[in-house]
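Visitor: next come a sequence and a model predicted from it.
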Amino acid sequence: MSMYGRDPWGGALEINAATDSATDDDRSRNDLDRAAVSRQLDETQQSWLLGPSEQKKKRYIDLGCIIVSRKFFLWTIGTLLCAVFVAAFVTLILETVPRHHHKEPPPDNYTLALHKALMFFNAQKSGKLPKHNNVSWRGNSCVQDGKSSDVSPSIKDLVGGFYDAGDAIKFNFPQSFAMTMLSWSVIEYSAKYEAAGELEHVKELIKWGSDYLLKTFNSTADTISTLAAQVGSGDTSGGSTTPNDHYCWMRPEDIDYDRPVTACSTCSDLAAEMAAALAAASIVFKDNKAYSKKLVHGATTLFKFSRDRKSIYSRGSSEASVFYNSTSFWDEVVWGGAWMYYATGNSSYLKLATTTKIAKYAGAFSGGSDYGVFSWDNKLAGAQLLLSRLRLFLSPGYPYEEMLRSFHNQTSIVMCSYLPIFTSFNRTKGGLIQLNHGRPQPLQYVVNAAFLAALYSDYLDAADTPGWYCGPNFFSTDVLRNFSKTQINYILGNNPRKMSYVVGFGNKYPKHVHHRGASIPHNKVKYNCKGGWKWRDSSKPNPNTIVGAMVAGPDKHDGFHDVRSNYNYTEPTLAGNAGLVAALVALSGEKGRKIDKNTIFSAIPPMFPTPPPPPAPWKP
């Protein structure tokens, strides 16, 4: 059936039935198939047949600050995730696979001995001890010191400080020197102390001594007229049987006799040494501004007193002249002046320390058999090195240069005198330098020289100077360090007797140390003045080991008698052990650890004026 209608475009519109329509479609399709078989369509015809191709639309991701393609973004994220996965996998493998760890090298002998040498100071503490003192056989002692004294209304509490040696006397002169030495070693080698784990310990010891020294005079005043020089007595002259710190053999904890206080009003040497100790300590504690300021003020007061009251402290004290006789005060003026300059930056102290006349009086140009021997009595060699440091690193120039150059030259001469090729000092067959010319108790002088030599070697290294001249001969800094090592090695056991002279170090060391506290059992039994004599005279080893004590040392033939009653061999001292600590820390650890060049100069203002700022740029 057909339907006819009108085509709106013009012409007839014919709509066939469904069957006819399908038949026509099949027919036309067959015709096309036959045409395709009969001939190949060219490219243009194919494009007509297929129509226009549809292009793929590229997708993007907006990251806010940048627009990137979605494909690039996904590729980047995938790469990062893969990298993280690989890194985590590698880390997991490294953590689970057993590895060979390189062990830290064991501490050297100098570090091991340093730990012990510092413990000696814990055993010498007087007064109420801190809980962490770590010496089981020591306790609170002499807690009434100074309270019955009539020296001065401002000097009533003299509790604290350190006992000098095997007795219970507190001698301010050698004690101050010991504190100065400990502070100097900390200022130069704080990194080595820290590496050894002993920095806080040594600072606590310095503070213990400094706090006591501040009690021995009116430290809040600007001007003083007297100070305490000694607590306790050791006078046994004329066969005196009065109980005191030498006649009696008692533990400090059991002392029940009177302990007199010796004062002085004209004592330049003692006051200048005390000033040096407090000034040096103020640099150690420079980060504690209030305490450092307190120390500086006390040092300033003491140094003024030393300049106003010129005399030798031992001249007015029979006991001091017997035990710690001072031969001059001019060396303490140079020494104290140098420390005061470093602590305050006040150039008047440097001017005083570099005054030619004072240096001459101190013996800087005189030479002599004891020239270069640094000790609790003679500070010149230490003072010259301390001021040479200023020239090496700051070079202040006029008007100080001439005297500083002289001190530097004198320091070089002292260092030359320590070398074996020179004959200034003899040596024992075992190699120990005889700085005290064969007299007893040699080790206290040896350790001081070892410290100065190691320190000067480090000064030269820090100043990029390979060595120094002894006349026409040039010696490297290693020669100095080797001298220091050989002397300390002798003390630690490399000697003909194969004995360590530091108690507790090595397998063989003195067992009969001349020391009251160490020789009497800690058994809660109080032995009276004479009751302790049986322990003094006993041939048995001390029941308590006084760890770190360096005894007086061998004789000039390398001989040593481990006998308690002979103090010339077996008694340790505060000043001697301070020199030992200083020498040990200077030699300890890796050689690469240098001195602290700048801390000692913290209070010193710029040597030269700061240049003015550049002018502002010119504008038309």
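Guide: Yes, it's here.
Visitor: quick check: the gap between the most centrally placed residue in the chain and Ala586.
Guide: Most central in the chain under C-alpha atoms, centre = their mean is Ser190, positioned 1.8 Å from the mean C-alpha point. Applying C-beta to C-beta, to the nearest Å, the value for Ser190 to Ala586 is 12 Å. C-beta: built from backbone N, CA, C; applies to glycine.
Visitor: check Asn409 too.
Guide: 23 Å.
Visitor: more neighbours: which of these two?
Guide: Neighbours were counted for Asn409 and for Ala586 using other C-beta atoms under 10 Å; Ala586 has more, 25 against 14.
Visitor: burial measure for Arg536, as a count.
Guide: If we define neighbours as other C-beta under 10 Å, then Arg536 has 15 of them.
Visitor: number of nearby residues for Lys524?
Guide: Burial of Lys524 is recorded as 5 neighbouring residues (other C-beta under 10 Å).
Visitor: same thing with the one 3 residues further on?
Guide: The burial metric for Tyr527, expressed as a neighbour count using other C-beta under 10 Å, is 19.
Visitor: give me every residue that touches it.
Guide: When contacts are counted by C-beta atoms under 8 Å, 6 or more residues apart in numbering, Tyr527 touches Trp249, Met250, Arg251, Asp254, Ile520, Trp535.
Visitor: for the helix or strand where the last one lies, name the packing helices and strands.
Guide: Pointing back at Trp535 there. Assigned by DSSP states H and E, Trp535 belongs to helix 533-536. Applying 3 or more C-beta pairs under 8 Å, 6 or more residues apart in numbering; DSSP states H and E, one finds that helix 533-536 contacts helix 516-519.
Visitor: tell me what the helix it packs on is packed against?
Guide: Other elements packing on helix 516-519 under the criterion 3+ C-beta pairs under 8 Å, 6+ apart are helix 533-536.
Visitor: which element follows the helix it packs on toward the C-terminus?
Guide: Counting by DSSP H and E, the element after helix 533-536 in chain order, helix or strand, is helix 567-570.
Visitor: for that following helix, which outside residues touch it?
Guide: Contact with helix 567-570 is made by 165-166, 440-441, 510, 512-514, 551-555, 560-564, as judged by C-beta under 8 Å, 6+ apart.
Visitor: now do stretch 195-210
Guide: 107, 111, 114-115, 118, 121-122, 125, 160-162, 175, 178-179, 182-183, 185-186, 190, 193, 277-278, 281, 284-285, 291, 295, 581, 585, 588-589, 593.
Visitor: among these, name the buried ones.
Guide: Among the contacts of stretch 195-210, those buried by neighbour count (16 or more other C-beta atoms under 10 Å) are 107, 111, 114-115, 118, 121-122, 125, 160-162, 175, 178-179, 182-183, 185-186, 190, 193, 277-278, 281, 284-285, 291, 295, 581, 585, 588-589.
Visitor: residues contacting Leu390?
Guide: By C-beta under 8 Å, 6+ apart, the contact list for Leu390 reads Leu350, Pro396, Tyr400, Leu404.
Visitor: the first one: what secondary structure?
Guide: Put plainly, it is Leu350. Following DSSP: H, G, I helix; E, B strand; the rest coil, Leu350 is assigned to helix.
Visitor: so which helix or strand takes in the closest residue to Gly471 other than its chain neighbours?
Guide: Once flanking residues are discounted, Gly471 sits nearest to Cys416: 7.8 Å by C-beta to C-beta, 6 or more residues apart in numbering. Element membership of Cys416 [criterion: DSSP H and E] is helix 401-418.
Visitor: alpha carbons only: can I get that helix in PDB?
Guide: The C-alpha trace of helix 401-418 is given here as PDB (Å, rounded to 0.1, in the frame of the first residue of the first chain):
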ATOM      1  CA  GLU A 401     104.300  45.600  72.200                       C
ATOM      2  CA  GLU A 402     107.800  46.000  73.400                       C
ATOM      3  CA  MET A 403     107.200  44.300  76.800                       C
ATOM      4  CA  LEU A 404     104.900  41.700  75.300                       C
ATOM      5  CA  ARG A 405     107.600  40.800  72.800                       C
ATOM      6  CA  SER A 406     110.100  40.500  75.700                       C
ATOM      7  CA  PHE A 407     107.700  38.200  77.600                       C
ATOM      8  CA  HIS A 408     107.200  36.100  74.400                       C
ATOM      9  CA  ASN A 409     111.000  35.800  73.900                       C
ATOM     10  CA  GLN A 410     111.400  34.800  77.600                       C
ATOM     11  CA  THR A 411     108.700  32.200  77.100                       C
ATOM     12  CA  SER A 412     110.600  30.700  74.200                       C
ATOM     13  CA  ILE A 413     113.800  30.600  76.400                       C
ATOM     14  CA  VAL A 414     111.900  28.700  79.100                       C
ATOM     15  CA  MET A 415     110.600  26.200  76.600                       C
ATOM     16  CA  CYS A 416     114.100  25.700  75.300                       C
ATOM     17  CA  SER A 417     115.300  25.000  78.900                       C
ATOM     18  CA  TYR A 418     112.800  22.100  79.100                       C
END
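Visitor: now do the buried residues in it.
Guide: Neighbour counts using 16+ other C-beta under 10 Å place 403-404, 406-408, 410-418 of helix 401-418 among the buried residues.
Visitor: could you pull out the strands for the stretch 401-550 of the chain?
Guide: Remark: strands assigned in the stretch 401-550 of the chain by DSSP state E, counting those that start in this stretch are 467-470, 473-476.
Visitor: which strands and helices sit next to the last one?
Guide: The elements that strand 473-476 packs onto, with contact taken as 3+ C-beta pairs under 8 Å, 6+ apart, are strand 467-470.
Visitor: what is the rounded mean pLDDT of the strand it packs on?
Guide: If you average the pLDDT over strand 467-470, you get 96.
Visitor: for that strand, packing partners?
Guide: Packed next to strand 467-470, using 3+ C-beta pairs under 8 Å, 6+ apart, are helix 401-418, strand 473-476, helix 477-492.
Visitor: quick one, which of the ones you listed is nearest to Leu214?
Guide: Proximity to Leu214, assessed across the helices and strands packed on strand 467-470 by C-beta to C-beta, is greatest for helix 401-418 (30.3 Å).
Visitor: care to break the chain down by domain?
Guide: As assigned by the TED database, the chain contains the domains 61-94, 109-601.
Visitor: please identify the most buried of those.
Guide: domain 109-601 (a mean of 20; mean count of other C-beta atoms under 10 Å).
Visitor: hey, least reliable of the domains of the chain by pLDDT?
Guide: Of all the domains of the chain, domain 61-94 carries the lowest average pLDDT, namely a mean of 70.
Visitor: for Cys264, grab phi and psi.
Guide: Backbone dihedrals for Cys264, given as degrees, to the nearest 10, come out at phi -140, psi 150.
Visitor: I figured it was touching Met274, is that so?
Guide: No: in this structure, Cys264 is not within contact of Met274 by C-beta atoms under 8 Å, at 11.1 Å.
Visitor: residues that sit against both of these two, list them.
Guide: Common contacts of Cys264 and Met274, defined by C-beta under 8 Å, 6+ apart, comprise Leu227.
Visitor: mind jotting down where the helices sit in the stretch 151-300 of the chain?
Guide: 172-196, 199-215, 268-284, 289-308 (DSSP state H, counting those that start in this stretch).
Visitor: quick one: closest of those to Val525.
Guide: helix 199-215 (28.5 Å).
Visitor: quick revisit: for the helices of the stretch 151-300 of the chain, which one sits closest to Arg389?
Guide: For those, proximity to Arg389 was assessed by C-beta to C-beta; helix 172-196 is nearest, at 9.1 Å.
Visitor: tell me how far the closest one lies from the chain's centre.
Guide: For helix 172-196, the separation from the chain centroid amounts to 8 Å (computed by C-alpha atoms, centre = their mean, to the nearest Å).
Visitor: report the angle between that helix and helix 199-215.
Guide: 160 degrees (axes from the mean of the first three to the mean of the last three C-alpha atoms, to 10 degrees).
Visitor: using PDB, write down the CA coordinates of stretch 225-237.
Guide: C-alpha atoms of stretch 225-237 as PDB (Å, rounded to 0.1, in the frame of the first residue of the first chain):
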ATOM      1  CA  SER A 225      92.400  46.300 105.400                       C
ATOM      2  CA  THR A 226      92.800  42.600 106.300                       C
ATOM      3  CA  LEU A 227      92.000  39.100 105.100                       C
ATOM      4  CA  ALA A 228      92.200  35.600 106.400                       C
ATOM      5  CA  ALA A 229      95.400  33.800 105.200                       C
ATOM      6  CA  GLN A 230      95.000  30.400 106.900                       C
ATOM      7  CA  VAL A 231      92.700  28.300 108.900                       C
ATOM      8  CA  GLY A 232      94.200  25.700 111.200                       C
ATOM      9  CA  SER A 233      97.600  25.300 112.600                       C
ATOM     10  CA  GLY A 234     100.600  23.000 112.200                       C
ATOM     11  CA  ASP A 235     103.200  24.400 114.500                       C
ATOM     12  CA  THR A 236     105.000  21.700 116.300                       C
ATOM     13  CA  SER A 237     108.300  23.600 116.900                       C
END
